[in-house]
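Q: the following block contains a protein sequence and its predicted model.
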Amino acid sequence: MNEQRIKDMARIVISSLESLAFMFSSLEQRQPLDFEEAIIGAVAFSGEFSGRLAIAIAPSILSELAANMLGIDADEIGDVHRHDALKETVNIICGNWLPSEAGTEAVFNIGEPHILTPSEAASALSVKKPTVLATMSVEDEPCDIYFFRDDSDA
Amino acid sequence: MGINILVVDDSSVMRAMIIKTLRMSSLDLGEIQEAGNGVEGLDALARQWTDMVILDINMPVMNGEDMLIRMRENPETRDIPAVVISTEGSKTRIDRLIKLGASFVHKPFTPELIRNTINQRLGIGGDHE
């Protein structure tokens, strides 16, 4: 896997989470999260090429992400807020990543983000090697970014 | 009388973030309406006078670009200032939106950028980026 692509992906995640939710994130070397221990948001896209991007994040940090995005207290955050915040984060990171992957002339249609169950994630994210897999931490909690290009075997 | 703004985005979180930013700004706000896609947005425009539309691009049912085209075709809505807030990275598509008379703000955004863009479109004084 191209190290530069991982760094480029991390740069977009770091910048996006800082702007969206005032949260600090960084790349780290570790095994990816077990899907059973994560909340997973994913989005598919088509256009210049097709594929999908997914984020698997520790549930413990998702309330803080949602609270910071919405500007409300963490104890007011429910599952709907958590899931909506993750879906919007997936959408923003995918939208910012695609131009760095394909250039700014390429046109993509980004689908509707959705939440995957652990078994759906295992089917969708484990059957093929990701084009990019960035293992990161967000406020010291694990967060993994998966990117797949359908035209690539990574 | 305050400025009536319509916020069109399929993400309830993003609508809440935009509305929070609007309320934190120094704008004299009137009513803020919400819609989840372009069809709902056009319905809202037909129901109530709106001074500005803030809209996303990638939405189900009707996307933001199609909504903008329909707005510009209708004499009642063709002159309403529009600000697109989107993750869109394609220069080709952004150029098309600008030709439709929209300002473009890239997600993720800062509150200052939203405020300055709206002020600029409404011709309100203040600092502009």
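A: Done, it's in.

Q: list the contacts for A:V90?
A: By C-beta atoms under 8 Å, 6 or more residues apart in numbering or on different chains, A:V90 lies in contact with A:41-43, A:53-55, A:113. Bear in mind the C-beta positions are built from the backbone N, C-alpha and C, glycine included.

Q: redo the residues you listed as JSON lines? Include pLDDT, neighbour count and distance to A:S123.
A: Output for these, formatted as JSON lines (pLDDT from 0 to 100; neighbours: other C-beta atoms under 10 Å in any protein chain shown; distance: C-beta to C-beta, whole Å):
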{"residue": "A:G41", "pLDDT": "97", "neighbour count": "27", "distance to A:S123": "16"}
{"residue": "A:A42", "pLDDT": "97", "neighbour count": "24", "distance to A:S123": "11"}
{"residue": "A:V43", "pLDDT": "96", "neighbour count": "21", "distance to A:S123": "16"}
{"residue": "A:L53", "pLDDT": "97", "neighbour count": "26", "distance to A:S123": "16"}
{"residue": "A:A54", "pLDDT": "97", "neighbour count": "24", "distance to A:S123": "12"}
{"residue": "A:I55", "pLDDT": "97", "neighbour count": "25", "distance to A:S123": "17"}
{"residue": "A:P113", "pLDDT": "94", "neighbour count": "25", "distance to A:S123": "18"}
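
Q: for the longest helix belonging to chain A, buried residues please.
A: In chain A, taking DSSP state H as the definition, the longest helix is helix A:79-102. By neighbour count on 16 or more other C-beta atoms under 10 Å in any protein chain shown, the buried set for helix A:79-102 is A:81-99, A:101-102.

Q: burial measure for residue 30, as a count.
A: You didn't say which chain, so I picked chain A. The number of residues packed near A:R30 is 10, by other C-beta atoms under 10 Å in any protein chain shown.

Q: oops, chain B please
A: Neighbour number of B:G30 under other C-beta under 10 Å is 15.

Q: would you say it is within a strand?
A: Yes - B:G30: assigned to a strand according to DSSP: H, G, I helix; E, B strand; the rest coil.

Q: which non-adjacent residue is nearest it?
A: The spatially closest residue to B:G30, leaving aside those adjacent along the chain, is B:G2, at 3.1 Å (C-beta to C-beta, 6 or more residues apart in numbering or on different chains).

Q: quick check: the one you found vs B:L55, distance?
A: 20 Å (C-beta to C-beta, to the nearest Å).

Q: neighbour count winner among the two?
A: B:L55 (27 against 11).

Q: isn't that one right up against B:L42?
A: No - between B:L55 and B:L42 there is no contact under C-beta atoms under 8 Å: 10.7 Å.

Q: list residues touching both of these two?
A: B:M67.

Q: the helix or strand in which B:E34 is found: how far from the chain's middle?
A: B:E34 is located in strand B:29-35, with elements delineated by DSSP states H and E. Chain-centre distance of strand B:29-35: 11 Å, with C-alpha atoms, centre = their mean, to the nearest Å.

Q: what do you get for stretch B:72-89?
A: Taking mean C-alpha positions (C-alpha atoms, centre = their mean), stretch B:72-89 and its chain are 7 Å apart.

Q: check stretch A:92-99 too.
A: 10 Å.

Q: give me the residues contacting that stretch.
A: Against stretch A:92-99 from outside (C-beta under 8 Å, 6+ apart): A:9, A:12-13, A:15-16, A:20, A:43, A:45, A:47, A:53, A:55, A:106, A:108, A:110, A:145, A:147, B:58, B:86-90, B:107-108.

Q: can you tell me which of those are buried?
A: A:9, A:12-13, A:16, A:20, A:43, A:45, A:53, A:55, A:106, A:108, A:110, A:145, A:147, B:58, B:86-90, B:107-108.

Q: mind checking which of those are in strands?
A: A:43, A:45, A:53, A:55, A:108, A:110, A:145, A:147, B:86 (DSSP state E).
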